[in-house]
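Q: fold the following and give me the result.
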Amino acid sequence: MLGYLSSLITGLWAEFTAFFAASYAHSDLLDMLVVAAVIYGVLMLIRGTRAVQVLGGLAALLGVRLLAGWLGFDTLIWLFDNLLSSLVLIIVILFADDIRRALARLGRRFVPRLTEWQDTRILEEVVRATQELSRRRNGALVLFERESRLADQLESAAPVDAAISKDLLICLFQPTSPLHDGGVVIRSGRISLARAILPLTLRDDLPEDLGTRHRAAIGLTEQTDAVVVVISEETGSISVAMGGELTRGLGAPELSGVLREFLSRDPQEDEREPGEEEDELLVEEDPAERSGRSGAAEAVS
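A: Residues are numbered from 1 along each chain as shown. As a prediction, the model looks like this:
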């Protein structure tokens, strides 16, 4: 009996392997592995984003289409068939930002971004301009564009396309300048836009001393991966907004360090689980600790 079962199992296994070898060449197996890897990569790319919810909605529509076919609802079947015929176009429209972000991340592996020297020079110019604007108590918003395209979120922006310099930034935010309202957008190492009006946050639990500039910075960073430097017109204090969080009361060394850390970080690392941002929305440093760190940074430099 055991011998018969053993020979039967061996025969079935031999037939299965022969069928598999005859049906699938090595290239077909490799093709299947590549497709599986691509699907896995796409799922990992959209993990934790709103794209997952959109995919869930599309899956629900497909489920309704199958149910309509089973129940014989001809009108509903016709409607879904016409809708699903444009599925590729719908996906491109819905996932435009995610597709662009993925292509940009892939392109950075082949096309080098700004050199470290250029990054350092840009940060130095921005920090020096921020110090001077803070001393003069000129309100300002400096937006660093990362992967999310900011033009889609801004209003009334005026094109500039100029090299970054301390003097130009100070001139743009002078009260007599026609471009001083709104923010300045830094894109690809250049000043791209000025007089950009930002969307305000809808949160109602923010401190009352936060003005329109701070609320606009929080509102923009809630919707994009931008980094925004804010200078208060009333107090001259310097803040940085990112991911819907606001770090307040920064000096020049802290500002330089925060910008260098944020701008060198992969935007995907900034994604948080729901609820995490509530505990860290506003971070205000202790003045004694800040002055101690400032002295240490100046001593190192």
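
Q: all the helices of the chain, in order from the start?
A: In the chain, the segments counted as helices under DSSP state H are 2-23, 26-46, 51-71, 74-84, 87-94, 96-107, 116-136, 166-172, 212-223, 252-263, 287-300.

Q: buried residues in the fourth one, which are they?
A: For helix 74-84, the buried set under the neighbour-count rule, 16 or more other Cβ atoms under 10 Å, comprises Phe80. Using the backbone N, CA and C atoms, a C-beta is placed for each residue, glycine as well.

Q: measure how buried Ala140 is and give me the count.
A: Neighbour count of Ala140, defined by other Cβ atoms under 10 Å: 24.

Q: wait, it touches Val229, no?
A: Yes - contact between Ala140 and Val229 holds when scored by Cβ atoms under 8 Å: they sit 7.5 Å apart.

Q: need the residues touching each of those two.
A: Listed contacts common to Ala140 and Val229 are Thr130; contacts here mean Cβ atoms under 8 Å, 6 or more residues apart in numbering.

Q: please identify the deepest-packed of the helices of the chain.
A: Comparing those on average neighbours per residue, with mean count of other Cβ atoms under 10 Å, the densest one is helix 212-223 at a mean of 22.

Q: quick one: distance of that helix to the chain centre.
A: Per Cα atoms, centre = their mean, to the nearest Å, the displacement of helix 212-223 from the mean C-alpha position of its chain is 15 Å.

Q: same question for stretch 67-86.
A: Centroid displacement of stretch 67-86 relative to its chain, using Cα atoms, centre = their mean, is 36 Å.

Q: tabulate the CA atom coordinates of it in CSV.
A: Coordinates of the C-alpha atoms in stretch 67-86 are reproduced here as CSV (Å, rounded to 0.1, in the frame of the first residue of the first chain):
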residue,chain,number,x,y,z
LEU,A,67,-22.1,41.7,-8.7
ALA,A,68,-24.0,43.5,-11.4
GLY,A,69,-22.9,40.9,-14.0
TRP,A,70,-24.0,38.1,-11.7
LEU,A,71,-27.4,39.7,-11.1
GLY,A,72,-27.8,40.6,-14.8
PHE,A,73,-28.3,44.4,-14.3
ASP,A,74,-27.7,45.3,-18.0
THR,A,75,-27.8,49.1,-17.5
LEU,A,76,-25.4,49.1,-14.6
ILE,A,77,-23.1,46.7,-16.6
TRP,A,78,-23.1,49.1,-19.5
LEU,A,79,-22.3,52.1,-17.2
PHE,A,80,-19.4,50.3,-15.5
ASP,A,81,-18.0,49.0,-18.8
ASN,A,82,-17.9,52.5,-20.2
LEU,A,83,-16.3,53.8,-17.0
LEU,A,84,-13.8,51.0,-16.7
SER,A,85,-12.8,51.4,-20.4
SER,A,86,-11.1,54.7,-19.3
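
Q: tell me the confidence at Ser237?
A: Per-residue pLDDT puts Ser237 at 91.

Q: skip the chain neighbours and tell me the closest residue to it.
A: The spatially closest residue to Ser237, leaving aside those adjacent along the chain, is Gly249, at 5.7 Å (Cβ to Cβ, 6 or more residues apart in numbering).

Q: does that neighbour really touch Ile238, like I thought?
A: Yes - between Gly249 and Ile238 there is a contact under Cβ under 8 Å: 7.5 Å.

Q: let's have the helices of the chain in a markdown table, adding distance to Ile197 and mean pLDDT.
A: Conversion of the helices of the chain to a markdown table gives the following (distance: least, Cβ to Cβ, whole Å; pLDDT from 0 to 100):
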| stretch | distance to Ile197 | mean pLDDT |
| --- | --- | --- |
| helix 2-23 | 61 | 66 |
| helix 26-46 | 30 | 74 |
| helix 51-71 | 28 | 79 |
| helix 74-84 | 36 | 80 |
| helix 87-94 | 26 | 74 |
| helix 96-107 | 21 | 67 |
| helix 116-136 | 19 | 84 |
| helix 166-172 | 15 | 92 |
| helix 212-223 | 8 | 89 |
| helix 252-263 | 23 | 82 |
| helix 287-300 | 31 | 39 |
